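**Q** let's see this in three dimensions:
(one chain, ligands or ions: 3)
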Amino acid sequence: MSESIVQPTEIPVIESVAELRQHLQRLRNQNRTIGFVPTMGALHDGHLQLIKVARKSCDVVVVSIFVNPLQFGPNEDLNRYPRTFASDVEQSAAAGASIVFAPTVPEMYPDGFETSVNLHRMGAILEGASRPGHFQGVATVVMKLFWMVLPDRAFFGQKDAQQVGVIQRMSRDMNIPIELIIVPTVREADGLALSSRNRYLSPTERQQAGILYQALSHAAERFQTGVTSADVLLYEIREIIGSVTLSRLDYAEIVDSQTFEPLERVDRPATIVLAVFFGSTRLIDNWLLTPSNSEADRA
Ligand SMILES: Nc1ncnc2c1ncn2[C@@H]1O[C@H](COP(=O)(O)OP(=O)(O)OP(=O)(O)O)[C@@H](O)[C@H]1O
Ligand SMILES: CC(C)(CO)[C@@H](O)C(=O)[O-]
Ligand code: BAL
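**A** Residues are numbered from 1 along each chain as shown. Ligands and ions are numbered 1, 2, ... in the order given. Next comes the predicted model:
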């Protein structure tokens with residue numbers, strides 16, 4: 001073979017929990033720090049950014065690829081969720097992953113499996129209200145993956161803001177000794193957050209989908225100029241989202257960044273959370289609002 005052809009970096013792809021544990025224990029015995037990036041595959045630059053960030057602070061980076069049936073509702077896109085396994089492994093390796101863990105469904109949920117992790121309040125609002133059972137599925141699989149990988153650090157994207165809140169709360173409530181690192185949202189040139197589901201959009205829907213970013217960045221600018229009323233900010237967000245013909249707002253809220261409870265006024269660290277349909281494709285996005293100390297003091 002010609003020397004000029006660059007070979008893709010080969011990394012182990014492990015399917016069984018027992019093999020993963022053995023492999024990682026050897027590395028842990030050599031005092032290597034382990035970073036963990038859980039994904040559902042169909043990797044894009046958002047995922048690759050998580051892997052690159054993980055690689056900077058950890059000796060070993062484990063990427064899991066598992067389309068978790070527990071977090072999909074009965075009418076959701078589990079069956080059509082994009083699957084691009086071979087290219088996922090190649091891209092993970094190129095971004096700095098050391099191991100891909102890709103369990104089968106029976107490996108993850110053997111016959112008789114019946115335990116789940118449930119966040120009673122935070123798991124039931126916003127995304128949890130629109131997707132009943134979703135966060136129970138996410139929390140359960142993340143808890144299982146944490147026990148399988150036993151990482152020092154785990155990396156999640158800010159794009160899924162409520163997922164971050166749920167995993168932070170679960171980790172605190174259950175005393176999980178894993179450092180959680182949250183990586184800022186990676187966006188397309190027009191501001192659309194990268195998501196595996198963007199590929200479902202028709203060309204016109206894709207063109208209009210930049211409206212989420214426009215609405216969020218408009219609200220962030222208004223907040224910077226002193227508007228702290230959630231009603232005012234949300235009214236303007238809804239107007240902007242409604243200005244494109246194909247959008248259908250699922251929800252827009254301004255919530256406390258830790259509890260995800262709705263706020264009337266942005267007087268503490270807050271998150272604007274949005275879910276918008278384009279046809280049957282549901283996109284989510286969010287923006288963090290941080291009041292200056294003086295505003296927080298006045299609250
Ligand atoms: N644009 C992005 N920027 C940063 N992180 C991201 C981005 N998109 C996804 N992630 C993160 O990658 C991890 C795996 O996410 P997942 O596999 O569900 O990808 P996704 O593109 O968000 O897919 P989906 O279409 O299901 O929302 C999560 O921690 C998620 O927050
Ligand atoms: C964290 C996760 C991998 C659990 O299935 C999933 O919810 C995701 O990809 O964000
Ligand atoms: N990115 C979160 C996974 C999901 O939408 O199911």
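**Q** so what's Ala161 up against?
**A** For Ala161, the contact set (Cβ atoms under 8 Å, 6 or more residues apart in numbering) comprises Thr271, Val273, Ile284, Asn286. From N, CA and C alone the C-beta is placed, and that goes for glycine too.
**Q** and the last one, how many neighbours?
**A** By the other Cβ atoms under 10 Å criterion, the neighbourhood of Asn286 contains 22 residues.
**Q** what bridges to it?
**A** Val273 (DSSP bridges).
**Q** pLDDT score assigned to it?
**A** With respect to pLDDT, Asn286 has a value of 98.
**Q** excluding chain neighbours, what is closest to Asp152?
**A** Of all residues not flanking Asp152 in the chain, Thr33 sits nearest, at 4.7 Å (Cβ to Cβ, 6 or more residues apart in numbering).
**Q** ignore what I typed, I meant Glu205.
**A** Phe278 (4.0 Å).
**Q** how about the one you found, phi and psi?
**A** phi -120, psi 110 (degrees, to the nearest 10).
**Q** doesn't Ser195 make contact with Asp45?
**A** No. Contact criterion Cβ atoms under 8 Å: Asp45 and Ser195 do not qualify, at 11.0 Å.
**Q** which of the two has more neighbours?
**A** Neighbours were counted for Asp45 and for Ser195 using other Cβ under 10 Å; Ser195 has more, 24 against 14.
**Q** what's the pLDDT at the more buried one?
**A** Here the pLDDT value assigned to Ser195 is 97.
**Q** would you confirm that it contacts Thr281?
**A** No. Using Cβ under 8 Å as the test, Ser195 is too far from Thr281 to be in contact (9.3 Å).
**Q** for the stretch 101-250 of the chain, just list every one of the helices.
**A** Ranges of helices in the stretch 101-250 of the chain, per DSSP state H, counting those that start in this stretch, are 105-108, 127-130, 134-149, 161-173, 203-208, 211-224, 230-242.
**Q** please identify the most buried of the ones you listed.
**A** The highest average neighbour count among the helices of the stretch 101-250 of the chain, using mean count of other Cβ atoms under 10 Å, belongs to helix 134-149 at a mean of 21.
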